[in-house]
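**Q** Make a model of this:
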Amino acid sequence: MITDAPAALSDVAVDAEFRLIVDRLTRRGLLAGGIAAGAGAGLALAGCSTGDNRHTPSSKRTVTTTAGTFTVPAAPERVVCIDYFTAIFLIELGLTPTGGIDYSWVDTSSMYPAYVPILKKLPNIGEITSTDYEKITALRPDLILGPTPGSQYDNSKGAMKTLTAVAPVASVDFGSTGDWRGPFEQTAKLVNRTAELAPLIASYRRTVSETKTSYADLLATTVVSVVDYSQDGNYALDLPKSTDGVVLADLGVTFGKASADNGSNNRGLSLERISDLADSDIILYRADAKKEPTNGLQDVVKLRAWKELPAVKAGHVYPIGWADVCTYRWAENAIKDFTGILDTYGDNRRGR
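**A** Purely as a prediction, here's the structure:
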């Protein structure tokens, strides 16, 4: 999506290399320190209506978020996004970006399935680290979204300032963790779509509440760890404030001791400390579209120390395709998958 261990792979091809940046974004802090602003399953909305508040394309609004105060179109129609997340947010809000970074690498193991074809078709405005100003200018945007200049998510240095000569520019504060909710709310405010965001949050909250009730016993007695990637003799655990961690935390999941919240996104540990996962009843790991370990984890699962872990011996190790979850619909999809895992785990524990 993304510090103690942003995402990364050594030599796994260009798409894997990009995921490294995404993870740094998503995991290390991605999404959301700004997100943090939403401490619970959702954030308070300022609530603008989709009808009366939208005027002609030429009218302007002044919007204040944690990233600052910006003058933006009242109803932007041609939005270009130079970071990883805002384009995904816009799609969930019903506004397809006019241009975005290269998403050719995304698949159902790294993105909410419904958004994969949309992202792949977006006009490419360059890599996340090298914005192509000519391509953006040719797209005639009426608003450009990107990270706060100088922040850890500012991967294309100087781009936000340079692009002010092309169209109105507004920054999103991604904070220093993987919590994506705050940045999502900021984005909705900037494009005047908080009314579209509200039902997404409400639906997510309902799902969280229902799941906590239905799975109360298992959630109260099960310790979970999420292994994200491995590189250079280390492996990374997703923490409660990582992109997927915030969803699990909302459900009341108990994380393993090695994944204790330290205000960051990931935690990197030496492979010599695989045994730190011994307290976990369930271990989730990042997987590809075939549900096979990816991001360097292919080698981790071959280690003797891994095979000796109680969860591994008991068969309670499960692949996930939502390590980079960063929208409410995607989060609900992740919860559905996770409850399926809990069902399987519960049945096995009861000897069924």
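**Q** When you work out contacts or count neighbours from here on, use the C-alpha atoms and nothing else.
**A** Noted.
**Q** For the longest strand that the chain contains, which helices and strands make contact with it?
**A** Longest strand in the chain by number of residues (criterion: DSSP state E): strand 223-231. Using 3 or more CA pairs under 8 Å, 6 or more residues apart in numbering; DSSP states H and E, the elements in contact with strand 223-231 are strand 234-238, strand 254-255, strand 282-286, helix 297-300.
**Q** Indicate which one of the ones you listed is closest to Cys326.
**A** Evaluated over those, closeness to Cys326 peaks at strand 234-238, with 14.1 Å, by CA to CA.
**Q** avg pLDDT for that closest one?
**A** If you average the pLDDT over strand 234-238, you get 96.
**Q** partners of it, with directions?
**A** The pairing partners recorded for strand 234-238 under DSSP bridges are strand 223-231 (antiparallel), strand 266-270 (antiparallel).
**Q** Determine which stretch of those strands is the most buried.
**A** Mean neighbours per residue, mean count of other CA atoms under 10 Å, is largest over the strands paired with strand 234-238 for strand 223-231, with a mean of 25.
**Q** what angle do it and strand 282-286 make?
**A** Per axes from the mean of the first three to the mean of the last three CA atoms, to 10 degrees, the angle that strand 223-231 makes with strand 282-286 is 30 degrees.
**Q** For Pro168, which residues are in contact?
**A** Applying CA atoms under 8 Å, 6 or more residues apart in numbering, we find Pro168 in contact with 71-72, 142-144.
**Q** Quick one: buried ones out of these?
**A** The neighbour count (16 or more other CA atoms under 10 Å) marks 72, 142-144 as buried among the contacts of Pro168.
**Q** Mind checking which of those residues land in strands?
**A** If you go by DSSP E, the buried ones among the contacts of Pro168 have 72, 143-144 in strands.
**Q** And those residues, which is closest to Ala87?
**A** For these, the nearest to Ala87 is Ile144 (10.6 Å; CA to CA).
**Q** For that closest one, give the beta-bridge partners.
**A** Val80, Val169.
**Q** pretty sure it is touching Val172, no?
**A** No. The pair Ile144 / Val172 is not scored as a contact, 10.7 Å apart, by CA atoms under 8 Å.
**Q** which residues do the two both contact?
**A** With CA under 8 Å, 6+ apart, Ile144 and Val172 have no common neighbours.
**Q** returning to what we had before: out of the helices and strands packed on strand 223-231, which comes closest to Arg273?
**A** Nearest to Arg273 among the helices and strands packed on strand 223-231 is strand 234-238 (8.8 Å), distances taken as CA to CA.
**Q** that older thread, now the buried ones among the contacts of Pro168 as a markdown table including pLDDT and distance to Lys212?
**A** Converted to a markdown table, the buried ones among the contacts of Pro168 look like this (pLDDT from 0 to 100; distance: CA to CA, whole Å):
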| residue | pLDDT | distance to Lys212 |
| --- | --- | --- |
| Val72 | 98 | 40 |
| Asp142 | 98 | 43 |
| Leu143 | 98 | 40 |
| Ile144 | 98 | 39 |
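**Q** Would you map out the domains in this protein?
**A** 13-202, 210-349 (automatic domain parsing).
**Q** confidence score at Ala44?
**A** As predicted, Ala44 sits at a pLDDT of 30.
**Q** Kindly report the same for Asp154.
**A** 81.
**Q** quick one: it and Leu145 touch, right?
**A** No. Asp154 is beyond contact range of Leu145, at 11.7 Å (criterion: CA under 8 Å).
**Q** just to revisit the earlier point, out of the domains of the chain, name the one with the poorest average pLDDT.
**A** When I compare those, domain 13-202 is least confident, with a mean of 82.
**Q** tell me which residues in whichever strand or helix holds Thr344 are buried?
**A** Element membership for Thr344 (DSSP states H and E) is helix 328-349. Buried positions in helix 328-349, judged by neighbour count with 16+ other CA under 10 Å: 328-335, 338, 341-342, 345-346.
**Q** And these, which is closest to Leu197?
**A** Tyr328 (9.0 Å).
**Q** Spit out the contact partners of the closest one.
**A** Taking CA under 8 Å, 6+ apart as the test, what Tyr328 contacts is 200-201, 204.
**Q** Mark which of those residues are buried, thanks.
**A** The neighbour-count test (16+ other CA under 10 Å) marks 200-201, 204 as buried among the contacts of Tyr328.
**Q** Pick out whichever of those sits closest to Thr86.
**A** Thr86 has its nearest neighbour among these in Leu200, at 16.0 Å by CA to CA.
**Q** Now do the SS call for the closest one.
**A** Here Leu200 takes the helix state, with states given by DSSP: H, G, I helix; E, B strand; the rest coil.
**Q** Quick check: it touching Trp330?
**A** No. Between Leu200 and Trp330 there is no contact under CA under 8 Å: 10.4 Å.
**Q** want to try CSV for the contacts of Tyr328, with distance to Arg78 as columns?
**A** Formatted as CSV, these follow (distance: CA to CA, whole Å):
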residue, distance to Arg78
Leu200, 23
Ile201, 25
Tyr204, 28
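**Q** Ser275: which of those is nearest?
**A** Out of the contacts of Tyr328, the member with the shortest distance to Ser275 (by CA to CA) is Tyr204, at 34.7 Å.
**Q** can you confirm that closest one is in a helix?
**A** Yes. With three-state DSSP as the criterion, Tyr204 is assigned to a helix.
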